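A.B. asks: build me a structure from this.
(one chain, ligands or ions: 1)
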Amino acid sequence: MFSDTKGRWAVVFIAIYPKIFAVMEPPMACRRLWHLLNKEFGMILIAEDNLVNQIVIQQMLADTGYDHALVENGKLAVEFCKTHKPDLVLMDISMPEMNGLDATKAIRSIEKETADRIVIIAVTAHAADFDRNLCMEVGMDDFMSKPLSMGRVIEMLDSWLGG
Ligand SMILES: [Mg+2]
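C.D. replies: As a prediction, this is how the structure comes out:
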């Protein structure tokens, strides 16, 4: 059917592509496909200063179908929320410049002047009840403790964004 090299590669690609989806978990394959067709999943901001955690979370989100952006401290998170209005923030608590608690306070204070309300999820290694309460007191909506798992992240995003 194809005489040139490109054509042969196209045939190989078409043959392999369904198998790529087949080896992925079926719901994940559906999510990816739905996202590619509709791009309806919403925008997530990751506020995280640790390089390894940045890579892990970005990789997880790349597989979920949600669009995402990354900032490395609380101050940049506040600026990003002002200008881009993400649907949800995964907010590390311990960050340089401005920590996640102060960043959340600043975002909630800005929101008082508008009708917007961004979902803010605390992401922290400190999983004690004290930390959870502190996060809720400053206006965060939910809490995830590190290390994160793919299942937990998807469950959290879907419950807040209805993906
Ligand atoms: Mg940190």
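A.B. asks: what's the pLDDT at the residue most central in space within the chain?
C.D. replies: The chain has residue 44 as the residue nearest its centroid, 4.6 Å off, counting by Cα atoms, centre = their mean. Per-residue pLDDT puts residue 44 at 94.
A.B. asks: again with residue 11
C.D. replies: With respect to pLDDT, residue 11 has a value of 76.
A.B. asks: what about it, how many neighbours?
C.D. replies: 12 (other Cβ atoms under 10 Å). (C-beta placed from N, C-alpha, C; glycine too.)
A.B. asks: repeat that for residue 80.
C.D. replies: By other Cβ under 10 Å, the burial measure for residue 80, its neighbour count, is 19.
A.B. asks: next SSE downstream of whichever helix or strand it is part of?
C.D. replies: Residue 80 is part of helix 74-84 when elements are defined by DSSP states H and E. Following helix 74-84 in sequence order, the next helix or strand is strand 88-92 (DSSP H and E).
A.B. asks: can you map out the helices along the protein?
C.D. replies: Remark: helices assigned in the chain by DSSP state H are 5-23, 26-38, 51-64, 74-84, 100-111, 129-137, 150-161.
A.B. asks: next, the buried residues of the third one.
C.D. replies: So that's helix 51-64. 53-54, 56-57, 60-61, 63-64 (16 or more other Cβ atoms under 10 Å).
A.B. asks: pick the one among those closest to residue 108.
C.D. replies: residue 57 (22.6 Å; Cβ to Cβ).
A.B. asks: was I right to think the closest one contacts residue 150?
C.D. replies: No - look at residue 57 against residue 150 with Cβ atoms under 8 Å: they stay out of range, at 10.4 Å.
A.B. asks: near the ion, which residues of this protein show up?
C.D. replies: 49, 92, 94-95 (Cβ under 5 Å from the ion).
A.B. asks: now residue 103. Nearest residue, chain neighbours left out?
C.D. replies: In this structure, residue 103 finds its nearest non-sequential neighbour in residue 74, 3.1 Å apart by Cβ to Cβ, 6 or more residues apart in numbering.
A.B. asks: what is the neighbour count of that neighbour?
C.D. replies: Residue 74 has 27 neighbours, counted by other Cβ under 10 Å.
A.B. asks: ok, the residue lying closest to residue 150 once chain neighbours are set aside - contacts?
C.D. replies: Excluding its sequence neighbours, the residue lying closest to residue 150 (Cβ to Cβ, 6+ apart) is residue 60, at 5.4 Å. Applying Cβ atoms under 8 Å, 6 or more residues apart in numbering, we find residue 60 in contact with 148, 150, 153.
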